[in-house]
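*Asks:* what shape does this take:
(chains A and B)
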Amino acid sequence: MRVDIVNLRREFGRAVAVDDISFSFGSGEVVGFVGPNGAGKTTTMRILATLDEPTGGDAFVDGVSIVQEPEEARRRIGFVPDGLPTHHDITVHEYLDFFARAYRIPSARRKHVVESVEEFTNLTGLREKLLKALSKGMNQRVCLARALLHDPQVLILDEPAAGLDPRARIELRELIRVFATQGKAILMSSHILTELAEICTGAVIIERGRILRAGSLDEIVVADQFHRTLIIRSCGGAEGLHRAVLELPGVLDVERDEDELTIAFSGTDEAAADLLGELIRRGHRVSEFRQPRANLEEVFMNVTTGGVQ
Amino acid sequence: MIARFLERFDDWINPVTVKELRQAVRGRFVATILSLALLAQCIAIAAIILSGKVNTELFTTVPAGPAAFGVIFTVVFTACLFFVPLYVGVRMVAERSDTNVDLFFITTIKPRTIVFGKLLAVLALVTLIFSASLPFLVFSYVLRGVDLFAIGMLLVLAYLLIASQAVAALFVGCIPTSKPFKIILAFVLLGFSAMSQAPMLLAAAQMMNSGPSLLASSDFWKIMGIFVMSIGVIDALLLVLTIALITPLSANRALPVRITMSILWLVSLIPAALVVLTTPSARELLLVWTIAQCVLVSLVLMSAIGERDRWGPRVAKTIPANPFKRAFAFLFYSGGAGGTLWVIHFFILTIVAYAVIDAQAPVPTFNVPISATRDLIDGLLCVFGYAMTALLLRRTLLQRVPPRATWAIAMAVFILGAIIPPLIVLMISMDGADPGIYSFATIANPFPRQDMRGDPTRTFLLVAWVASMTFANFKWFTGQWRRFKPEGERPARISPDVSSGEVLSDERQPA
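*Replies:* Model (predicted):
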C-alpha cells in the first residue's frame, strides 16, 4: 500500500492554497504533516480524503487516483477531520452503526465490525451514551472508530490531538502506534511537534502551500543541522578544558556553564571522535561527551517564516 | 427464511432513514408533538361525547361523526403541517455545516441517498402520527355520518401536502445562507403552510358533506389532477435542487437541475397547450404557464451568472469529445456561460411556444392583452440586460466580489436602473411629472407604465442595451467555450518518498 501525491495544486480564486506539492509514504509509516496555520495542510488532507478536488495534479492511494476514481479511493481511506461529530439524539453505537451502513457493510458482518471497533477504541463502555454527552477526548475516539469501520489501509488524521488532555493524548498516541504496526499508512497533522516526533517515522513541512522539507524524520533533522553541537563535562574544572577546546580544529564557538561546555562544531562524526581523543590525550578528565540532535521543533522554526497565503 | 429476508431488507434500507428515525424516536420534539396531538384528540372526543349526552340537539343538527372527524383531522393535520416541516428543516440546518456534510461524504453515500433518506424518514414520521390517531378516526366513523371514501381521500391529500411542505423545508435547510435569512425563509414557509391549511380544511368539510357522490363529479377529478400534478412538479424540482445544493461544489451540480427543468418545461407545456387549444375559457392558463416559466428561467439566469468558469478534473473527464455532443453538454453542465446560453434557449422557446399556441387557440371570451408577447419579450430583455450588466461589473470593476454574489450586483443594478429613476422623476416634479420623461425613466423597468408597453423605441433601446452588454461579455463566453474540453493526459512526476530517506529541500523558499 502506497500513497503518492503528485504535483498537487489547489487554487481558491487567485490564492494558491496548495502549490504543486509531491511526496509519498507507505504501509506502517506515520508521517507528520507540519506547517503554520493556513499553510495548506487541511486543504491537502481534504483533497486526499476526496472531499475537495485539486485544481491540478493527482494523488494515488494504492494506485487508485483520487481524481479519476474518488469512490474507489474513499474505500481505502479513513479520514478524521478536525471537527467533532455534532449529531443530536444519537448514541455512540447508533452513530457507528449508521456509518457502517453508509459504508455498505453487509448486515451479517455489521454488528461484529461495529463491536470490534468499539472494543479496539475502548468505546464499549460508552456505546449507549449520547454523542452530545461525551467529552472531547471521547468524541475524538468516536471519530477514530468511525474512520476504522471499513478497515481502511490509509488513515488521514487532521489535528487529532487538538484540545485533548494528557491522558487522552497518550491513549491516542498508543492507538496510532498500533495502527502503524497493523500496516496502515498514516498521515497526521498536528501543532504539537514534540508528540509528532515521538510517533512519526517521517515528516512533511509545508508553508504557503509549498513543501519546505520532506523525508524521514532522522534525515530531515540531520540535513537541517548547519553545525553540530557537542556537550562536554569535565571532572577537573572547566577552565583549562575551555582553553584547550578553543585551540582545536573545527570548533566555532564555546559556551561555558560551570563544568559544562557547549561547543559549536563544524566537523564530522570522525572529527568529533578525534576531538574527544585529543582532549583525553592532553590529560583532561572528561566525564560526559554527547552530541544532542536538533529536534523537529528546531527544524520547523528554522525553515518556516510563519507566513500564510 | 424470514431472518434472511430481514437481513436483506436491513442491507437495502437507506442508512440515513435509519439514523433519522432513531434520532426522531430518541428526541423529545417528536414525542412531545405526538403526545400533545393525542391529548388534544382525547379531549376533543370526550367533549363531543359529553356534549352529545347533555344536548341531543347537537347530534341532530351536526352529526357526531363529522364533528369528531373534523376536530381530529384538524388537530392531526395542523400538527403535522406545521411541526413536521419545522423539525425537518431545523435538523437539516443543524447538519448543513461543512463539517457534517463532509462526514456524509467520507463514505460512499450519495447526495440523493441523503435527501431521499431524510424524506423517507419524514414520511415514516407522518405515518406514525397518522397511525397514532387511527383509533380516534375509527371512532369518528363508528359515530356515523362520515364515509370511508372521504376519510381516505382526505388523509391522502393531507399526506401529500405535508410531504410537499417537508420537501420545501429540506430545500430551505440546504440553502447556503446565513441563519437569520434561513429563519426568514422558515417563516415564509410557515406562511405557505398557514395558507394551505384553510383550503384543506374547507375541502374536508365539503367532502364530508358530499360523500361518495364526489366520485362521479368530473370537476372533482380535474381539481384533484391539477392539485396532485402541481405538487408533483414543485416537489420534483425542489428535490433536484436540494440534491444539487448538498452535492460538493466541484461536482457537476447544474446538470440534473437543467435536465429536470427542461423535462418539466415540456411536461407542463403539453397539458397546458392541450387545455388551452380545446377550452376557450382556459386561455389565461397559457399566460400563467408562460410567466411561471419566465420567472423560473430568470432565477436560473441569476444563478448561472455566478457559476464557475472552469471545470475541475472530475467534471472535465466527462466532457464529450464529439463536437456536437460537447456543444449540447456545454448548455447543461455547470458553468456560467453554458448556463446563460441555456437560459437564452429557454427564453426563446417559451416565447415561441406562447406565441404559437396563443395564435392557434380558440377566440377568447374575454380580453387578453394583445401585446402580451411583446411585453414578455421586453420583460425578458430587461432581466437579461441586468444579468449581463452585473456580470460585466463583477468581471471589471468589482473583481473582489465572489462570482456567486453576482446576483446581488444584478439586484443592485436593477434598483438603480428600474426603481430609482422613476422615483427621482417623481420627486423632481412634485406637481405632476411630464408623462414623456416619466415613461423614459421606466424604460429599464420590466413592469413599465401602460403607455410604454409595446413601444418599439423601448424595445429597440432594450435590444441595444442587451446587445452591447452581451458583446462586452463576449470574451467571457468564448473563453469558457474554449476551456470546455475533455481532460487530456496528466503529467506524471516522481515524488519524494518520505520513507526512503530522500530529503526534499524545496529551492523555492517563500519570500
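*Asks:* compute the number of surrounding residues for residue 122.
*Replies:* In the absence of a named chain, this looks at chain A. Residue A:122: 13 surrounding residues under other CB atoms under 10 Å in any protein chain shown. Bear in mind the C-beta positions are built from the backbone N, C-alpha and C, glycine included.
*Asks:* try chain B instead
*Replies:* Residue B:122 has 27 nearby residues by other CB under 10 Å.
*Asks:* apart from its chain neighbours, what residue comes closest to it?
*Replies:* Leaving aside its sequence neighbours, residue B:122 sits nearest to residue B:166 (CB to CB, 6 or more residues apart in numbering or on different chains; 4.3 Å).
*Asks:* and the stretch 201-350 of chain B, which residues reach chain A?
*Replies:* Applying CB under 8 Å from any CB of the partner chain, we find that the stretch 201-350 of chain B lies next to chain A at B:248, B:250, B:312, B:313, B:314, B:317.
*Asks:* now, which of the residues you listed lie within helices?
*Replies:* Residues of these located in helices (DSSP state H): B:313, B:314.
*Asks:* hmm, the residue nearest to residue B:122 is touching residue B:119, no?
*Replies:* Yes - counting by CB atoms under 8 Å, residue B:166 touches residue B:119, with 6.8 Å between them.
*Asks:* of the two, which one has the most company?
*Replies:* More neighbours surround residue B:166 than the other of residue B:166 and residue B:119, with 26 against 22 (other CB under 10 Å).
*Asks:* what helices or strands is whichever strand or helix holds that one leaning on?
*Replies:* Here residue B:166 sits within helix B:148-174, counting by DSSP states H and E. Under the contact definition 3 or more CB pairs under 8 Å, 6 or more residues apart in numbering or on different chains; DSSP states H and E, helix B:148-174 sits against helix B:64-95, helix B:111-142, helix B:179-210, helix B:218-246.
*Asks:* tell me which of these sits most buried.
*Replies:* Mean neighbour count (mean count of other CB atoms under 10 Å in any protein chain shown) peaks for helix B:64-95 among the helices and strands packed on helix B:148-174, with a mean of 22.
*Asks:* and it, what's its mean pLDDT?
*Replies:* Averaging pLDDT along helix B:64-95 yields 84.
*Asks:* between helix B:218-246 and it, find me the angle.
*Replies:* Between helix B:64-95 and helix B:218-246, the angle comes out at 20 degrees (axes from the mean of the first three to the mean of the last three CA atoms, to 10 degrees).
*Asks:* right, is helix B:64-95 up against chain A?
*Replies:* Yes - using CB under 8 Å from any CB, helix B:64-95 reaches chain A at B:91, B:94, B:95.
*Asks:* is it possible to get CSV of those that adds distance to residue A:142?
*Replies:* Converted to CSV, these look like this (distance: CB to CB, whole Å):
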residue, distance to residue A:142
B:91, 20
B:94, 18
B:95, 16
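*Asks:* tell me where the stretch 201-309 of chain A is predicted with low confidence.
*Replies:* Where the stretch 201-309 of chain A drops to pLDDT under 70, the residues are A:222-226, A:293-294, A:306-309.
*Asks:* around chain B, pick out the residues from it.
*Replies:* Counting by CB under 8 Å from any CB, the stretch 201-309 of chain A sits next to chain B at A:201-204, A:207-208, A:210-216, A:218-220, A:223, A:305, A:307.
*Asks:* buried ones among those?
*Replies:* Buried positions within these, assessed by neighbour count (16 or more other CB atoms under 10 Å in any protein chain shown), are A:201-204, A:207-208, A:210-216, A:219-220.
*Asks:* now the two most distant members of those.
*Replies:* Across those, the longest distance by CB to CB is 25.5 Å; it joins A:201 and A:208.
*Asks:* what's the mean pLDDT across stretch A:72-84?
*Replies:* Average pLDDT, stretch A:72-84: 86.
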